[in-house]
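J.: Model the structure of this input:
(one chain, ligands or ions: 1)
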Amino acid sequence: MPHPVLDSPAPVLPTRPKPSGARRLTLAALGVCVVTLLAALATVLAQVNAASAATASALSAEAGHIPEGTVVTLADDHVAAIARLDPALLAAMRQAQADATAEGVPSFQVTSGWRSEAYQRWLLEDAVERYGDEAIAGQFVATPDKSQHVTGEAVDIVPLDAQLWLMEHGARYGICQTYANERWHFALATQPGGVCPAMKPDATS
Ligand SMILES: [Zn+2]
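T.: So this is what the prediction gives:
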């Protein structure tokens, strides 16, 4: 008769090898990498946040931004883009608008009037990004120190019928198209009833 097994051997558990020095170093290095990555991510997020905050303030109504699709007229005194125009330009444009309307020309709409320096700088940076070239961008968007929009001395008008009317009759009020490549951009450039000076090719000249 076989003896009952009274004392079976305890199962042998595999022992976990203690981390070697090299392994500890690897773990520490990984930890450093993760911390560095998280810090980099935080920096990028902070920059994105700062950039979008800057964009938001550059494109605010207080900065003179008129969102696309918003109809603004020369009568909109509560809009910074209109209120901060040079009073002489605004008065001349309003007179021109009244006479144009009497002749059946559609109402003038302002797509851009006074702009803050920050808004002008944003426009320039946006144009540089779009054209991929500072010189080309400069032909369409003036630098903040040169822009007549920043000083309130220029206004952009649509629709085309209003532009054509101003090109033909603007000089009566001293209003001229000043850049050949911007048929919407008008400024005071002669005496009322005078002759408009030759247009500059673009905003760089
Ligand atoms: Zn303009």
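J.: wait, what's in contact with residue 94?
T.: 74-75 (C-beta atoms under 8 Å, 6 or more residues apart in numbering). In short, each C-beta sits where N, CA and C put it, glycine included.
J.: and whichever helix or strand it is part of, anywhere near the ion?
T.: Here residue 94, judged by DSSP states H and E, is contained in helix 87-102. No. On the criterion C-beta under 5 Å from the ion, helix 87-102 is out of touch with the ion, staying 11.8 Å away.
J.: Can you mark which positions in that helix are buried?
T.: 89-90, 92-93, 95-97, 100 (16 or more other C-beta atoms under 10 Å).
J.: In the protein, where is pLDDT below threshold?
T.: Where the chain drops to pLDDT under 70, the residues are 1-19.
J.: longest single helix anywhere in it?
T.: Secondary structure of the chain per DSSP state H: the longest helix is helix 21-58.
J.: State the next helix or strand along the chain beyond that one.
T.: By DSSP H and E, the next helix or strand past helix 21-58 is helix 80-83.
J.: Other residues contacting that following helix?
T.: 61-66, 72-77, 90, 110, 112-115.
J.: how does it look with 7 Å?
T.: 61-62, 64, 66, 72, 74, 76-77, 110, 112-114 (C-beta atoms under 7 Å, 6 or more residues apart in numbering).
J.: quick one: which of these is nearest to the ion?
T.: Distances from the ion to those, taken as C-beta to the ion, are shortest for residue 112 (5.7 Å).
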